[in-house]
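Trainee: Show me the folded form of this:
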Amino acid sequence: ILRFILAFLLRNGLSQHRLRFFVDGQRTLQDGILTFFSWHRSVSLVLDWFHLVKKFKELLSMAMKGKVYRNEQVRAVLRLLWYGLVDDAIVHLRSINPDEIKDSQQIEALVGYLERNRSWIPNYAMRRRLKLCNSSNPAERTNNLIASQRQKKNGMSWSPDGSHALSTLACVVLN
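Mentor: Purely as a prediction, here's the structure:
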């Protein structure tokens, strides 16, 4: 897909523009994008807000003893991350009362996740105020409209050519 993106940029004279990719925390995806576009002078990643929230809800659910306390911690940490305060979020995670934790490895996994993705966590509040995107939702919704609704139902299997043809037709109809 990165080749297609590059071809699109080159064909439309857009290769000199800043490139910003919205990603989840998957390292292989992040590394792949950064390696492929290593020649470009202005490439950046933004950790998708939706995926960040999902990750914290999942891991804190496994880490905490009760859902009430878990929800308090989710709100507190996400409030810090909304403003890009990664260090404060890490301090908060490490200061959680040990009596309320059932699996401290999940807390450390979240700390590691924040450390690995620190560079890609912006001030989401400022981005929203500037009317900039904080999520890949528009692209994921389009993918759902083009491929998932028709091609990913139970029992379906598609050849690569058939999938490509149907996706192309769906794009034409959607456009």
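
Trainee: only C-alpha atoms for contact and neighbour calcs from this point on.
Mentor: Noted.

Trainee: In contact with residue 23: list those residues for me.
Mentor: By Cα atoms under 8 Å, 6 or more residues apart in numbering, residue 23 lies in contact with 29, 30, 45, 46, 47, 48, 136.

Trainee: Tell me the helix or strand right after the one helix or strand in the chain whose mean pLDDT sits lowest.
Mentor: Lowest on mean pLDDT, DSSP states H and E among the helices and strands of the chain sits helix 149-151, with a mean of 68. Beyond helix 149-151 on the C-terminal side, the first helix or strand identified by DSSP states H and E is helix 160-174.

Trainee: What's the mean pLDDT across that following helix?
Mentor: Taken as a whole, helix 160-174 carries a mean pLDDT of 80.

Trainee: how about that helix: buried residues?
Mentor: For helix 160-174, a neighbour-count test (16 or more other Cα atoms under 10 Å) marks 166, 167 as buried.

Trainee: ok, residue 33 touching residue 2?
Mentor: Yes - at 7.4 Å, residue 33 counts as touching residue 2 under the criterion of Cα atoms under 8 Å.

Trainee: more neighbours, these two?
Mentor: Using other Cα atoms under 10 Å as the criterion, residue 33 and residue 2 rank with residue 33 on top: 17 against 11.

Trainee: What strand or helix carries the more buried one?
Mentor: helix 27-36.

Trainee: packing partners for whatever helix or strand comes next after that helix?
Mentor: Next helix or strand after helix 27-36 toward the C-terminus (DSSP H and E): strand 43-47. When contacts are defined as 3 or more Cα pairs under 8 Å, 6 or more residues apart in numbering; DSSP states H and E, strand 43-47 sits against strand 19-23.

Trainee: Report pLDDT for residue 26.
Mentor: pLDDT for residue 26: 85.

Trainee: separation between the residue located most distally from the centre of the chain and residue 75?
Mentor: Within the chain, residue 99 marks the point farthest from the mean C-alpha position, 31.4 Å out by Cα atoms, centre = their mean. To residue 75, residue 99 is 19 Å away according to Cα to Cα, to the nearest Å.
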